[in-house]
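Participant: After the sequence you'll find the predicted model.
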Amino acid sequence: MGHARIVHRMMGLGLIVALTLCGLASCQSEDNGGEPKTGAAAFYDGRSIRWIVPYIPGGGYDEYGRLLAPYIENYTGARVDIVNLPGAGGMRGVNDLFNAPSDGLTIGMINGSAMVTNEIAGIQGADYEIAEFEFLGRVVSDPRVFAVSVDSGFESIEEIWQSGSQLKIGATGLGGSTYVDAVITNEAFDFPLDVIHGFDSSAVVRQAMLRGDIIGTWGSWGSALDAVGTGRDTVVLQSGQQRIPELPDVPTTSELVDQTADPGRTRAILTAWANLHAVGRPIAAPPGTPPDRVEFLSEAFYNALHDPELLADAERSGRPISYASAEEMRQFVVDATVMPDEIKQLFVRAIKGEL
């Protein structure tokens, strides 16, 4: 009789185990064509990914994060939580990302050019090494533009260049991309511009423009788009060698080279500047993240950034996409850190506020 009870109990336990395994298999195969998820796909399924945005809510980096999050969720099976960590011109968030657990559950969009220049100059607080990040790809590297408020009364770069007075423009923290853009172009073209830095974000800079505290700012075309579209700001100069379709009447920095006192030096400065901005806005994971998880996330970002629905959403919201792979990103970082010593020292002085 006792033996029969033991056999009955073992059969019951076996049924429970079988039902449990069946349930687990069912969960694994959901949304996967009936096949169980394995490896990195199984790891991310149902987990939460922390996405660091190194600036306050409402700015361009934040908007890109919130635009991409639902698509990353779709392609990873994980939930994406946006975490804003503003401060120190973007360095606080980047340091947090660099030092986060390397389990693949923390990623972030970084201001690539600014983080490269901060590292080159050895800026205090830059507690990361840009080349050690595990890059997943680049979201965008849109043109840099110099925008001024319509209320400033300036309509062209020539008017500003020939004004003969120290005009105030705004920038984020010392070493940030808007700051470096401003002081480097000042050096290249001898613009009469006094760069006021220390603003928390491009959104705060534009508030100062609305108040009339400053006349304008350098920044990405994506960040300037809203204010230009509503008629508050106008772009008077753009980076690069070719005018973008949206700004057919605005000169490029390359077009002004021959008007400078030393065109050769100006071209060298602009080449180094262009290499920095090719780094753009990459997505990265902390150093040491397992290769299979980096590969899985990289594939998810590729799929998201080529999803027709995301591209349509990005176009509607005025957020350009110019994808680059993880391999391309690594090369961009190398190109951005290799420059003639004289030009490198110029950038170092610019970043440290010595220009």
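Facilitator: The structure has been received and is ready for your questions. Numbering: from 1, shown residues only.

Participant: got the residue ranges for the helices in the stretch 51-200 of the chain?
Facilitator: For the stretch 51-200 of the chain, helices defined by DSSP state H, counting those that start in this stretch occupy the ranges 60-76, 91-98, 112-121, 157-161, 177-189.

Participant: Could I get those in TSV, plus columns for distance to Glu327, mean pLDDT and mean neighbour count?
Facilitator: (Glycine included, C-beta is placed from N, CA and C.) Converted to TSV, those look like this (distance: least, CB to CB, whole Å; pLDDT from 0 to 100; neighbours: other CB atoms under 10 Å):
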stretch	distance to Glu327	mean pLDDT	mean neighbour count
helix 60-76	19	95	20
helix 91-98	20	96	23
helix 112-121	15	86	26
helix 157-161	37	94	18
helix 177-189	23	91	24
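
Participant: between those helices, which gets nearest to Val139?
Facilitator: Closest to Val139 of those is helix 60-76 (CB to CB; 5.8 Å).

Participant: Helix 91-98 and the closest one, what's the angle between them?
Facilitator: In terms of direction (axes from the mean of the first three to the mean of the last three CA atoms, to 10 degrees), helix 60-76 departs from helix 91-98 by 20 degrees.

Participant: hang on, the earlier thing: could you say which one of the helices of the stretch 51-200 of the chain comes nearest to Ala304?
Facilitator: helix 60-76 (3.9 Å).

Participant: Render the CA-only coordinates of that closest one in PDB, please.
Facilitator: Output in PDB follows, covering the C-alpha atoms of helix 60-76 (Å, rounded to 0.1, in the frame of the first residue of the first chain):
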ATOM      1  CA  GLY A  60      17.000  66.100 -29.300                       C
ATOM      2  CA  TYR A  61      18.700  63.200 -27.600                       C
ATOM      3  CA  ASP A  62      15.700  62.600 -25.500                       C
ATOM      4  CA  GLU A  63      13.300  62.700 -28.500                       C
ATOM      5  CA  TYR A  64      15.400  60.200 -30.400                       C
ATOM      6  CA  GLY A  65      15.400  57.900 -27.400                       C
ATOM      7  CA  ARG A  66      11.600  58.000 -27.100                       C
ATOM      8  CA  LEU A  67      11.200  57.700 -30.900                       C
ATOM      9  CA  LEU A  68      13.400  54.500 -31.000                       C
ATOM     10  CA  ALA A  69      12.300  52.800 -27.700                       C
ATOM     11  CA  PRO A  70       9.100  51.100 -29.000                       C
ATOM     12  CA  TYR A  71      11.000  49.600 -32.000                       C
ATOM     13  CA  ILE A  72      13.900  48.400 -29.900                       C
ATOM     14  CA  GLU A  73      11.300  46.800 -27.600                       C
ATOM     15  CA  ASN A  74       9.800  45.100 -30.700                       C
ATOM     16  CA  TYR A  75      13.100  43.700 -31.900                       C
ATOM     17  CA  THR A  76      14.500  42.600 -28.500                       C
END
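
Participant: Report all helices and strands that it contacts.
Facilitator: Applying 3 or more CB pairs under 8 Å, 6 or more residues apart in numbering; DSSP states H and E, one finds that helix 60-76 contacts strand 48-53, strand 79-84, strand 106-109, strand 134-140, helix 291-305, helix 308-316.

Participant: Could you point out which of those sits nearest Asp190?
Facilitator: Comparing the helices and strands packed on helix 60-76 under CB to CB, the one sitting nearest is strand 134-140, at 30.5 Å.

Participant: which residues touch the most centrally placed residue in the chain?
Facilitator: By CA atoms, centre = their mean, the chain has its centre lying nearest to Arg281, at 2.6 Å. Applying CB atoms under 8 Å, 6 or more residues apart in numbering to Arg281 gives the contacts 61, 64, 109-112, 138-141.

Participant: give me that answer again for 6 Å
Facilitator: 109, 139-140 (CB atoms under 6 Å, 6 or more residues apart in numbering).

Participant: How about residues contacting stretch 69-83?
Facilitator: Under CB under 6 Å, 6+ apart, the answer for stretch 69-83 is 44-45, 47-53, 65, 300, 303-304, 307, 310.

Participant: now it: how far from the chain's centre is it?
Facilitator: 17 Å (CA atoms, centre = their mean, to the nearest Å).

Participant: For it, measure first residue to last.
Facilitator: Start-to-end span of stretch 69-83 (CA to CA, to the nearest Å) is 12 Å.

Participant: Next: stretch 126-137.
Facilitator: From start residue to end residue, stretch 126-137 stretches across 22 Å - CA to CA.
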